[in-house]
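Peer 1: Task: produce atomic coordinates for the following.
(chains A, B, C and D)
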Number of protein chains: 2
Amino acid sequence: MNIYDVSKKAGVSIATVSRVLNGNANVSEKTRERVLSAIKELDYTPNVFARGLGLNTMKAVGIMCTDSSDIYLANAIYYLERELRRFNYNAILCCTGNDAGARKSCMQLLLDKRVDGIILAGSQFICRDAGVDGYDYIIEAARELPIVLVNGRLDGNRDGCRLYSVLCADREAVCSAASQLIEAGRRNIVYLYSGTSYSSLNKLDGFTDAMNQAGLPVRPEYLRQCTRDIAGARGSLEALYSSRMPFDAVIASDDMLAVGAVKFAFAHGIRVPDDLEIIGYNNSVLANCTEPELTSIDNRVELVSTRAVRLLIQVLGGGSAPPLDIVAAELIKRNTTKF
Amino acid sequence: MNIYDVSKKAGVSIATVSRVLNGNANVSEKTRERVLSAIKELDYTPNVFARGLGLNTMKAVGIMCTDSSDIYLANAIYYLERELRRFNYNAILCCTGNDAGARKSCMQLLLDKRVDGIILAGSQFICRDAGVDGYDYIIEAARELPIVLVNGRLDGNRDGCRLYSVLCADREAVCSAASQLIEAGRRNIVYLYSGTSYSSLNKLDGFTDAMNQAGLPVRPEYLRQCTRDIAGARGSLEALYSSRMPFDAVIASDDMLAVGAVKFAFAHGIRVPDDLEIIGYNNSVLANCTEPELTSIDNRVELVSTRAVRLLIQVLGGGSAPPLDIVAAELIKRNTTKF
DNA sequence: CAGGGGGTTGGAAGCGCTTACATTGCACGA
DNA sequence: TCGTGCAATGTAAGCGCTTCCAACCCCCTG
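Peer 2: Okay, the predicted model is just below:
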């Protein structure tokens, strides 16, 4: 079943069938209809490989992420794929983990597959520990096809690259949240984070901004890095607690860590939010699991993902797009805060 | 940069280069080395489209699921993709939602893309409400390429189909868990579930088995179906509670629902596990979020996913495989049960 | 030394599509 | 009536690979 069968059935040449297939205008309405009905009748679909050979596009984009089972990334992937399919693109998923080598080989795999574009989902790709040439593989790839960073950003002069970012205003969101805590009288606020990714450090900056604006000192003991799980977060707070440093609020870079904070408080009979206010990040399902439920900053994963895809589609269509698109976050108030 | 460049560099014909590329044995060791070094030197990778045209394979498999942001499915996808890539296959993700039409069109999209096989992840594809011809699109597709159902199963005579199932012994797991509750003296056990998927009903059967084995009646009021979220689960229990039907244990078909049960208990000052024992399912991250932490049945998502991929790879390699592969679940005891 | 056979290699025909270029046919104005 | 021009269509040359088949070389046997 190929284009020749269709051309025979419709009584035209394969060139005409191809024109109809590709929406070429130089086909009379009568012929177009004849071809279309032949296609329908034969239930014909063009061979992607042959088509790819000619057009050098497979109508697929790669989605790279560190770990698709992470709640935030799983959501991002869902929205990315949904939006891509709306535009008739398929999503090829690659989970790289945190290994730099794996990232490069995943990227190469996608390039070899001749995907039309690549979306790097999650800020983990842009990370303080990346090293001098840690992003070369991204830059390099961006010379060949458009790349969109979701919640990540690469600065500097990138001539000849098609490199775009769609991200959430994490810094401003954390600054605003911290400011509200300060205004409510909290003075010993802990910032709890798990990685050195772009957004994690960005949030840290936002926290610092708020403290500076209020004229409060940023004490390093209150900037607590831990492993990205409940136990890690809890353990970090336990350590702080044992050292008798008083704290009356926690801002976490992820709901998962905030859950750890709630558990810490529960274990010590610390009342939340009266004695300890807690703010999570991502506004994920975890925020509804704890008692009391988490106040959390919503980083608009659906909106960001959707915009990322739209931007990519626009670029793939030959259009231009702004290299940077920033979406505002939103504080969702629940019961771990009093304001 | 194509096969001609390589052949020129290596001083051989393109046929020989192709033989080396495809591991054909009829190449002398010396020639093979010369070609391989030319390939390395030129950093050549074959064009997937041209290759696909010839071989009719793209080294990619489709993963269909209803919703990749679901915690269980997100995990399954992670493990599936990881294992696929180990075998040099890419994963093309398609989230269909619960719409039957979308499922069919997703399936068609994957077939059109000429994927080598398809994995249907999650039991939602096999569902009581599917209707008479609800699975025809699966059967049909399985005539063209191998399909593996993860946690789903299609019975009946399927000549000419390559249709396989890898699943978890959900029924036995729930039966065993319920039996333990009964043995511990619980008599009014609620089974809380959210859908009519294959595994959900399977679990329900397991619950019934346990009650029957113990000679206890299965009262329909205690089989509670709700929406797949915390509020739905909680609401369902609230309704039961208001109707003054006593219950002293809850088995949920998903941790999410179990969280709702914990919240219900908290709201009414019911002590968990003393007055109410709760068992979740999937042993997801949610099990660690509540206070007390959830006892949960682990359905071995990593093992099941890995086996599903191995099975598919085996079939794709021309081998045969058992149509059904069942993995035992494991009860993970935490603090919402006393035994 | 001729003939045969097996291990290597090259030539060339596809695979199914796109598209530049050639061709056709028709309407229109001169 | 005959160009002229444009819209519609066909022809054929790729795209980069796989693979059948033929050709070759070398060594062994008779």
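Peer 1: make it CA atoms for all contacts and neighbour counts henceforth
Peer 2: Noted.
Peer 1: ranges for the strands of the stretch 151-300 of chain A?
Peer 2: A:163-168, A:189-193, A:223-225, A:249-252, A:277-281, A:295-298 (DSSP state E, counting those that start in this stretch).
Peer 1: closest one to B:Ala10 among those strands?
Peer 2: With Cα to Cα as the measure, strand A:163-168 is the member of those nearest B:Ala10 (36.4 Å).
Peer 1: Contacts made by the closest one with the rest, please.
Peer 2: A:139, A:142, A:146-153, A:299-300, A:304, A:307-308, A:322-329 (Cα atoms under 8 Å, 6 or more residues apart in numbering or on different chains).
Peer 1: What's the mean pLDDT across it?
Peer 2: For strand A:163-168, the mean per-residue pLDDT is 96.
Peer 1: Could you tell me how far that strand lies from the centre of the chain?
Peer 2: Its chain's C-alpha centre and that of strand A:163-168 lie 9 Å apart, by Cα atoms, centre = their mean, to the nearest Å.
Peer 1: And for stretch A:260-280?
Peer 2: 29 Å.
Peer 1: so for that stretch, what's the average pLDDT?
Peer 2: On average, stretch A:260-280 scores 97.
Peer 1: before we move on, back to that, tabulate the strands of the stretch 151-300 of chain A in JSON lines, adding columns for mean neighbour count.
Peer 2: As requested, these are exported to JSON lines (neighbours: other Cα atoms under 10 Å in any protein chain shown):
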{"stretch": "strand A:163-168", "mean neighbour count": "25"}
{"stretch": "strand A:189-193", "mean neighbour count": "24"}
{"stretch": "strand A:223-225", "mean neighbour count": "17"}
{"stretch": "strand A:249-252", "mean neighbour count": "28"}
{"stretch": "strand A:277-281", "mean neighbour count": "29"}
{"stretch": "strand A:295-298", "mean neighbour count": "26"}
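Peer 1: Distance to B:Pro273 for those - can I get that in JSON lines?
Peer 2: Below are those laid out as JSON lines (distance: least, Cα to Cα, whole Å):
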{"stretch": "strand A:163-168", "distance to B:Pro273": "41"}
{"stretch": "strand A:189-193", "distance to B:Pro273": "32"}
{"stretch": "strand A:223-225", "distance to B:Pro273": "34"}
{"stretch": "strand A:249-252", "distance to B:Pro273": "30"}
{"stretch": "strand A:277-281", "distance to B:Pro273": "27"}
{"stretch": "strand A:295-298", "distance to B:Pro273": "27"}
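Peer 1: can you put the ones you listed in a markdown table and add distance to DNA strand C?
Peer 2: Output for these, formatted as a markdown table (distance: least, Cα to the nearest atom of the strand, whole Å):
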| stretch | distance to DNA strand C |
| --- | --- |
| strand A:163-168 | 25 |
| strand A:189-193 | 50 |
| strand A:223-225 | 53 |
| strand A:249-252 | 51 |
| strand A:277-281 | 46 |
| strand A:295-298 | 43 |
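Peer 1: re the thing from before, and the contacts of strand A:163-168, which are buried?
Peer 2: A:139, A:142, A:146-153, A:299-300, A:304, A:307-308, A:325, A:327-329 (16 or more other Cα atoms under 10 Å in any protein chain shown).
Peer 1: Let's see which of those residues end up in helices.
Peer 2: Judged by DSSP state H, helices contain the following of the buried ones among the contacts of strand A:163-168: A:Ile139, A:Ala142, A:Val304, A:Arg307, A:Ala308.
Peer 1: B:Arg271: which of those residues is nearest?
Peer 2: For these, the nearest to B:Arg271 is A:Val304 (41.8 Å; Cα to Cα).
Peer 1: Next, work out how far apart that closest one and chain B are.
Peer 2: 15 Å (Cα to the nearest Cα, to the nearest Å).
Peer 1: show me the contacts for that residue.
Peer 2: When contacts are counted by Cα under 8 Å, 6+ apart, A:Val304 touches A:Val150, A:Val166, A:Leu167, A:Cys168, A:Val327.
Peer 1: mind redoing it with 6 Å?
Peer 2: The contact partners of A:Val304, by Cα atoms under 6 Å, 6 or more residues apart in numbering or on different chains, come to none.
Peer 1: helix/strand/coil for A:Ile118?
Peer 2: Using DSSP: H, G, I helix; E, B strand; the rest coil, the structure places A:Ile118 in strand.
Peer 1: Give me every residue in the stretch 151-300 of chain A lying close to chain B.
Peer 2: A:Thr290 (Cα under 6 Å from any Cα of the partner chain).
Peer 1: hmm, try it at 7 Å
Peer 2: Within the stretch 151-300 of chain A, the positions adjacent to chain B are A:Val259, A:Cys289, A:Thr290 by Cα under 7 Å from any Cα of the partner chain.
Peer 1: who wins for most neighbours among these?
Peer 2: A:Val259 (30 neighbours; other Cα atoms under 10 Å in any protein chain shown).
Peer 1: Please verify my assumption that A:Ala258 contacts A:Phe264.
Peer 2: No. A:Ala258 is beyond contact range of A:Phe264, at 9.6 Å (criterion: Cα atoms under 7 Å).
Peer 1: Which residue is the nearest non-sequential neighbour of A:Ile3?
Peer 2: A:Ile14 (6.1 Å; Cα to Cα, 6 or more residues apart in numbering or on different chains).
Peer 1: and the one you found, what is it in contact with?
Peer 2: A:Ile3, A:Tyr4, A:Ser7 (Cα atoms under 7 Å, 6 or more residues apart in numbering or on different chains).
Peer 1: Quick one, which of those residues are buried?
Peer 2: A:Ile3, A:Ser7.
Peer 1: Among the contacts of A:Ile14, which one sits closest to chain B?
Peer 2: Nearest to chain B among the contacts of A:Ile14, counting by Cα to the nearest Cα, is A:Ile3 at 14.3 Å.
Peer 1: backbone phi and psi for that closest one, please?
Peer 2: phi -60, psi -30 (degrees, to the nearest 10).
Peer 1: quick revisit: adding pLDDT and distance to DNA strand D as columns, could you present the ones in helices among the buried ones among the contacts of strand A:163-168 in TSV?
Peer 2: Formatted as TSV, these follow (pLDDT from 0 to 100; distance: Cα to the nearest atom of the strand, whole Å):
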residue	pLDDT	distance to DNA strand D
A:Ile139	93	23
A:Ala142	94	20
A:Val304	98	36
A:Arg307	98	33
A:Ala308	98	30
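Peer 1: Which residue is the nearest non-sequential neighbour of A:Leu111?
Peer 2: Using Cα to Cα, 6+ apart, the closest residue to A:Leu111 is A:Ala141 (7.7 Å).
Peer 1: A:Leu80 now?
Peer 2: Nearest one to A:Leu80, counting by Cα to Cα, 6+ apart, is A:Ser305 at 5.3 Å.
Peer 1: ok, and the closest non-adjacent residue to A:Leu154?
Peer 2: Closest to A:Leu154 by Cα to Cα, 6+ apart is A:Ile126, at 7.3 Å.
Peer 1: For that neighbour, give me its contacts.
Peer 2: A:Gly152, A:Arg153, A:Ser197, A:Tyr198.
Peer 1: Return the residues in contact with A:Val272.
Peer 2: Neighbouring residues of A:Val272 by Cα under 7 Å, 6+ apart: A:Thr336.
Peer 1: How about the one 4 residues further on?
Peer 2: For A:Leu276, the residues meeting the contact criterion (Cα under 7 Å, 6+ apart) are A:Asp248, A:Ala249, A:Ile270.
Peer 1: Done for today, thanks.
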